[in-house]
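Chemist: Pasting the sequence and the predicted model now:
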Amino acid sequence: MADYILAIDQGTTSSRAIVFDRSGSIVSSGQLEHEQIFPHAGWVEHDPAEIWNNTREVIGKALSQANITRHDIAAIGITNQRETAVVWDKTTGVPVYNAIVWQDTRTQPIVDRLAADGGIERFKAQVGLPLATYFSGTKIVWILENVEGARAKAEAGDLLFGTTDSWVLWNLTGGVNGGVHATDVTNASRTMFMDLETLQWDDEILAAFNVPRSMLPEIRSSSEVYGEAEPNSLLREVPVAGILGDQQAATFGQAAFDQGEAKNTYGTGNFLIFNTGEEIVHSKNGLLTTLGYKLGSAAPHYALEGSIAVTGSLVQWLRDNLGIIDSAGDIEALARTVDDNGGAYFVPAFSGLFAPYWRSDARGALVGLTRFVNKGHIARAVLEATAFQTREVIDAVNADSGVPLTEIKVDGGMIANNLLMQFQADILGVPVVRPVVAETTALGAAYAAGLAVGFWHDLDDLRANWQEDSRWTPNMSTEERERQLRSWKKAVTKTFDWVDDDVQ
């Protein structure tokens with residue numbers, strides 16, 4: 001009997017394979033970073049071929065580390081960076097262009113063109129999303145309009161589109177030799193093309209974008225058998241049985257299955273998901289309406305999401321662009337050399353501002369500087385920016401739901417930073433809770449796959465696996481909290497209206 005589930009976590013900066021046992025504990029893992037490609041200001045790309053090669057390699061690493069084979073794996077789950085768009089030739093398997101990453105802002109002219117008739121909320125009633133460079137729909141349009149021959153090939157039915165889950169699934173199940181071209185409802189809900197009620201592609205919206213329907217993957221549930229790993233792979237004949245976009249996967253891994261439950265992921269960006277159950281809730285406060293999960297033929301669960309573009313990637317920027325720290329883990333020690341931010345506030349609007357502002361014209365700003373400010377204060381301002389942005393998103397969730405969150409479950413790489421977690425609790429005024437298994441994104445994909453093949457029986461099995469590791473409670477006074485929030489909001493306004501027609 002197979003004792004494990006393998007999850008493929010195709011993320012923004014790396015691809016990982018993690019093997020889980022029945023308790024949801026990590027048995028082994030493999031991880032490889034891939035190149036971040038920046039051809040122009042505001043452009044962010046990945047090489048899909050590198051991603052697939054790395055995926056195969058990390059699968060081998062995870063199996064080798066655990067000293068197991070495909071016979072020990074009951075199913076494969078996939079989770080992924082959601083809005084990153086790959087377009088490839090279905091007869092050759094070769095991408096026609098690099099993957100355009102969710103952070104990329106080059107499609108703003110396409111957004112403006114589509115918004116000229118009805119504004120940025122033109123399609124929001126159907127898809128739950130405003131028109132923005134963030135989502136994959138405009139990225140497909142850019143490829144069709146700017147890559148030589150792409151439009152003709154797409155019209156002829158020769159090109160396929162997918163977010164990176166679809167790219168991995170297609171290759172894993174055979175590629176040009178019968179690879180499965182599918183995605184799940186959570187990833188489909190991030191394209192701008194899927195109707196929230198029917199869970200199908202909307203032909204009128206596709207016509208408005210001028211994207212051929214033949215390019216798009218079949219929309220499936222988040223937990224079902226899509227196909228089997230192809231005969232020449234290390235995992236041959238193992239069923240691929242779960243797909244969830246990374247933030248929905250993290251929510252699933254946190255066992256936030258029910259209406260009113262929520263989690264916040266601290267990764268390259270920050271993403272708060274609030275489960276609204278089987279009800280579609282349209283935000284009045286700058287949040288996205290999205291799919292939470294759909295298990296087989298059961299009714300879908302929806303969610304509100306607050307997306308923050310730059311959090312962990314700001315720490316990387318401090319390391320790679322400024323050289324203030326040697327590794328991301330050094331930032332906590334540097335920030336602890338000072339007692340506070342020295343009056344400095346860092347608003348990382350590198351790709352504009354996402355929730356709750358949705359200001360594509362914003363750009364990053366470090367404000368409140370005096371000669372007193374040193375690199376310790378800047379490090380602290382970098383960490384605090386994550387907490388402040390999260391506070392604004394949670395304020396929006398509380399306003400939309402009418403039921404204030406009383407605690408927040410957290411996951412992602414940044415939750416190892418104890419200084420950040422304490423400041424997060426302080427600025428929220430509610431406890432912050434970290435689980436024992438912090439790799440909840442991969443765990444959520446494993447859970448979805450395991451449920452589909454009977455490895456776990458039901459959601460109660462998964463709830464029983466969740467365990468608390470650490471809890472931070474607020475110890476900041478109300479007056480100090482309000483003072484800091486007031487200064488933060490003032491700093492945010494300084495980033496507005498920066499981009500003119502001739503400035504990117």
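Modeler: Received it, and whenever you're ready, just let me know what you need. What you see is a predicted model, and the numbers here were worked out from it, not measured in a lab.

Chemist: Now residue 87: phi and psi?
Modeler: phi -120, psi 130 (degrees, to the nearest 10).

Chemist: ok, how many other residues are close to it?
Modeler: 27 (other CB atoms under 10 Å). To be clear about C-beta, it is placed using only N, CA and C from the backbone, and glycine gets the same treatment.

Chemist: Skip the chain neighbours and tell me the closest residue to residue 475.
Modeler: residue 426 (6.4 Å; CB to CB, 6 or more residues apart in numbering).

Chemist: just checking, the one you found touches residue 482?
Modeler: No: between residue 426 and residue 482 there is no contact, the gap being 11.9 Å when judged by CB atoms under 8 Å.

Chemist: So which of the two has more stuff around it?
Modeler: residue 426 (21 against 11).

Chemist: Please name the residues that touch that one.
Modeler: 387, 474, 475, 476, 481 (CB atoms under 8 Å, 6 or more residues apart in numbering).

Chemist: what pLDDT does the first one get?
Modeler: In the prediction, the pLDDT value recorded for residue 387 is 96.

Chemist: So it, which state does it fall into?
Modeler: At residue 387 the chain is in helix, as set by DSSP: H, G, I helix; E, B strand; the rest coil.

Chemist: show me the contacts for residue 250.
Modeler: Neighbours of residue 250 in contact, by CB under 8 Å, 6+ apart: 263, 265, 271, 273, 411, 412, 440, 441, 444.

Chemist: Mind doing that once more with 7 Å?
Modeler: 263, 265, 411, 440, 441, 444 (CB atoms under 7 Å, 6 or more residues apart in numbering).

Chemist: which of those count as buried?
Modeler: 263, 265, 411, 440, 441, 444 (16 or more other CB atoms under 10 Å).

Chemist: what's the closest non-adjacent residue to the third one?
Modeler: Spelled out, it's residue 411. Nearest to residue 411 is residue 440, by CB to CB, 6+ apart, at 4.1 Å.

Chemist: got the contact list for the one you found?
Modeler: 250, 253, 254, 411.

Chemist: Distance check, the nearest residue to residue 61 once chain neighbours are set aside against residue 15.
Modeler: Counting by CB to CB, 6+ apart, the nearest residue to residue 61 once its immediate chain neighbours are dropped is residue 30, at 2.7 Å. Between residue 30 and residue 15 the distance, using CB to CB, to the nearest Å, works out to 9 Å.

Chemist: any shared contact partners between these two?
Modeler: Common neighbours of residue 30 and residue 15 (CB under 7 Å, 6+ apart) are residue 58.

Chemist: Show only the entries of the contacts of residue 250 found in strands.
Modeler: Assigned to strands by DSSP state E, the following of these qualify: 263, 265, 411.

Chemist: which of those lies closest to residue 238?
Modeler: When the ones in strands among the contacts of residue 250 are compared for distance to residue 238 (CB to CB), residue 411 wins out at 26.3 Å.

Chemist: what's near enough to touch the nearest residue to residue 123 once chain neighbours are set aside?
Modeler: In space, and not counting its chain neighbours, residue 123 is closest to residue 205: 5.6 Å by CB to CB, 6+ apart. Counting by CB under 7 Å, 6+ apart, residue 205 makes contact with 123, 126, 192, 193.

Chemist: try residue 55
Modeler: By CB under 7 Å, 6+ apart, the neighbours of residue 55 are 8, 10, 15, 168.

Chemist: Looking at strand pairing, list the partners for the third one.
Modeler: Spelled out, it's residue 15. residue 10, residue 32 (DSSP bridges).

Chemist: Residue 244 now?
Modeler: Where residue 244 sits in a bridge, its partners, by DSSP bridges, are residue 79.

Chemist: quick revisit: who's more crowded, residue 30 and residue 15?
Modeler: Under the neighbour definition other CB under 10 Å, residue 30 and residue 15 were set side by side, and residue 15 has more, 27 against 21.

Chemist: what sits against residue 286?
Modeler: Counted by CB under 7 Å, 6+ apart, residue 286 has contacts 355, 356, 357, 358, 396.

Chemist: of all the ones in strands among the contacts of residue 250, which comes closest to residue 301?
Modeler: Using CB to CB, the ones in strands among the contacts of residue 250 come closest to residue 301 at residue 263, 13.6 Å.
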